[in-house]
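Asks: Please find the sequence and the predicted model below.
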Amino acid sequence: MENTIFISLLQTFANIRFDGLFFMLIGLTQLVFIYFYILAKHKRIRQHGVETTGTVSGHTTSGNIRYPLVKFQTADAAWVTEEYQYGTNFSRYKPDENVTVIYNRNNPKEFLIKSDYLPKILTVIFILLALSFFAIGLYTTIK
């Protein structure tokens with residue numbers, strides 16, 4: 001009786017498609033990355049960060065992606081000029097444009113532009129991509 005259950009489990013395990021498990025693992029890894037790296041970081045900055053007004057002082061370019069350079073003053077009167085982490089292939093912000101910045105008081109180089117929609121859109125896209133990988137893997141595994 002015990003041998004039959006064991007053999008049945010081995011046969012079930014042998015029929016599992018490991019490429020499906022691989023896709024599921026990729027999807028889960030992406031979801032964990034999105035949560036801990038993107039969502040948690042943005043939530044921490046929005047909840048505990050300091051809000052101030054900054055100015056777009058120009059742009060840097062990497063390939064065909066343009067990143068705004070943002071200059072702002074911290075609560076302790078230090079000036080920070082830093083490249084914003086989200087760039088596009090067109091200029092979303094004009095030089096000398098004022099923007100509301102929320103920065104991490106412990107690391108002012110970690111900041112968000114308050115009105116920027118791009119981080120939210122990218123997060124949704126990455127979540128959909130991760131769920132797609134997981135769904136493909138699940139379908140392949142149980143098929």
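Replies: Everything's here; your move.
Asks: SS state for the residue positioned nearest the centre of the chain?
Replies: Centroid-nearest residue in the chain, with C-alpha atoms, centre = their mean: Ile38, separated by 3.7 Å. Here Ile38 is recorded as helix under DSSP: H, G, I helix; E, B strand; the rest coil.
Asks: Next, the contact list for it, please.
Replies: By C-beta atoms under 8 Å, 6 or more residues apart in numbering, the residues touching Ile38 are 119, 122-123, 126. C-betas here are computed from N, CA, C, even on glycine.
Asks: Flag the least confident of the residues you listed.
Replies: pLDDT is lowest at Pro119 among the contacts of Ile38; the value there is 78.
Asks: chain center to the lengthiest helix in the chain, what's the gap?
Replies: Counting by DSSP state H, the longest helix found in the chain is helix 118-142. The chain centroid and the centroid of helix 118-142 are separated by 13 Å under C-alpha atoms, centre = their mean, to the nearest Å.
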